[in-house]
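In: give me the fold of what follows.
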Amino acid sequence: RANLGALFDGMQFVLGEQVAAFELALAESFGAGHAVAVGSGTAAIELSLRAAGLGESGREIVVPALTSPFTAQAVLAAGCQPRFADVLPDCLLLDPRDAELRIRKRTAALLAVHLYGQPASLTELSKLARRRGIALLQDACQAHGAQSDGRPFTRFSRAVAYSFYPTKNLPCLGDGGAVLTDSRAIAQRLRLLRDGGRRNHQSSRIRALNTRLDEIQACYLRAFLPKLAEWNARRARLAALYDQALAGCDPLRPVARTADSVCHLYVVRAPRRDRLRQYLAQHGISTGVHYPMPLHLQPAFRGCGAKRGDLPSAERACRQVLSLPLWPYMPESAVGQVAARIREFYGRCP
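Out: Below you'll find the predicted structure:
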């Protein structure tokens with residue numbers, strides 16, 4: 001309320017004091033040198049690529065086949081080409097070995113995706129990128145507040161993209177995003193790229209976008225950011241309760257995660273997934289599927305060089321993944337209720 005009051009007193013609704021204050025607080029909270037707020041997580045990924053000098057290059061970016069389609073859409077929007085790689089079967093994150101097999105002369109970067117709140121193997125991926133002479137960028141749109149082996153994400157690459165979509169661990173009330181970096185030069189370029197190539201005047205210096213986080217969303221994000229650690233702890237607590245409640249519930253398997261996970265989603269591998277989902281819905285339990293089709297099989301990315309059968313781990317996972325209910329203020333008793341219905345389903349349909 002105080003943030004909104006200050007906003008309406010000043011009446012500057014775009015790139016004003018609220019956005020500037022949120023950027024400072026976000027960078028400090030996430031251990032980064034700079035934060036540049038933008039209009040969406042998709043825009044954050046696109047601007048990360050452009051700030052790396054890859055805009056309109058047509059170069060290939062290695063992307064895991066199991067992620068939101070917006071990840072690959074951002075690559076296309078930046079004027080690059082996705083090249084899909086398979087995922088590890090236990091955690092469903094980018095498989096470094098398979099990613100290396102996808103690297104060609106046209107490859108310019110790896111795009112690590114921290115799926116479901118679980119950090120990808122940044123140590124291994126950063127070594128791979130250095131060895132092959134390509135860039136490493138990060139999609140952390142589902143990993144707010146996470147680190148990798150106790151180190152901020154920006155220590156591993158020059159740009160990290162975040163989304164503040166309403167379902168994220170750190171949400172706003174619409175679309176929003178940010179790019180974090182330890183590089184002052186990259187931060188300056190990102191500020192040009194988000195605002196039409198302008199620098200406090202009406203002359204465009206470079207080809208750019210119009211993708212700015214608005215001041216009203218910054219008001220809410222400033223208020224929510226101090227709660228992020230508590231919310232993440234609640235998510236972790238609920239995820240641990242799911243682990244206990246579903247232990248030994250064959251043939252269902254939770255997707256593996258480490259202590260670094262911020263538990264954006266609680267995802268299981270569920271045989272007869274669609275029948276289970278229907279059964280839970282009949283008992284008032286809503287679930288999600290993140291994601292039902294690997295990117296290389298989606299029509300928008302048909303020309304990206306992979307066909308059915310090429311990425312078996314991702315294809316198999318997309319037939320099985322199921323996201324169970326999880327949000328910070330979800331009652332702990334609800335975990336037991338969900339687990340009981342799942343056990344009931346598999347008891348009837350072994």
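In: from now on I want contacts and neighbour counts done on CA atoms only, so please keep to that.
Out: Noted.
In: any idea how far residue 275 is from the residue nearest the centre of the chain?
Out: Nearest residue to the geometric centre of the chain (CA atoms, centre = their mean): residue 141, 2.6 Å. Residue 141 sits at a distance of 30 Å from residue 275 (criterion: CA to CA, to the nearest Å).
In: and for residue 170?
Out: 32 Å.
In: neighbour count: these two, which is higher?
Out: Legend: neighbour count by other CA atoms under 10 Å for residue 170 and residue 275, higher for residue 170 (25 against 13).
In: so which strand or helix has that one?
Out: Under the criterion of DSSP states H and E, residue 170 resides outside all helices and strands.
In: residues near the spatially closest residue to it that is not a sequence neighbour, how many?
Out: In space, not counting the residues next to it along the chain, residue 170 is nearest to residue 164; the distance is 5.9 Å by CA to CA, 6 or more residues apart in numbering. Residues lying near residue 164 (other CA under 10 Å) number 26.
In: okay, residue 164: pLDDT?
Out: Here, the pLDDT recorded for residue 164 equals 98.
In: what do you get for residue 347?
Out: Predicted confidence (pLDDT) at residue 347: the value is 88.
In: what secondary structure does it sit in?
Out: Under DSSP: H, G, I helix; E, B strand; the rest coil, residue 347 falls in the helix class.
In: distance of it from residue 337?
Out: For residue 347 relative to residue 337 (CA to CA), the value is 15 Å.
In: now do residue 94
Out: 33 Å.
In: one more: residue 163?
Out: 31 Å.
In: looking at those two, which is more packed in?
Out: residue 163 (31 against 12).
In: phi, psi of that one?
Out: phi -120, psi 150 (degrees, to the nearest 10).
In: now do the helices in the chain.
Out: With DSSP state H, the ranges of helices along the chain come out as 2-10, 17-30, 41-51, 69-77, 96-102, 122-132, 184-194, 215-224, 228-246, 273-282, 312-318, 332-348.
In: tilt between the second one and helix 228-246?
Out: On the basis of axes from the mean of the first three to the mean of the last three CA atoms, to 10 degrees, helix 17-30 is oriented at 50 degrees to helix 228-246.
In: tell me the buried residues in helix 17-30?
Out: Of the residues in helix 17-30, 17, 18, 19, 20, 22, 23, 25, 26, 27, 30 count as buried by neighbour count, 16 or more other CA atoms under 10 Å.
In: contacts only, for the last one.
Out: Remark: with contacts taken as CA atoms under 8 Å, 6 or more residues apart in numbering, residue 30 is in contact with 145, 152.
In: now do 6 Å
Out: By CA atoms under 6 Å, 6 or more residues apart in numbering, residue 30 lies in contact with nothing.
In: about what we covered before: deepest of the helices of the chain, which one?
Out: Among the helices of the chain, helix 41-51 has the highest mean neighbour count (mean count of other CA atoms under 10 Å), at a mean of 28.
In: which other helices and strands contact that helix?
Out: helix 69-77, strand 160-163, strand 177-181 (3 or more CA pairs under 6 Å, 6 or more residues apart in numbering; DSSP states H and E).
In: that concludes my questions; thank you for your assistance.
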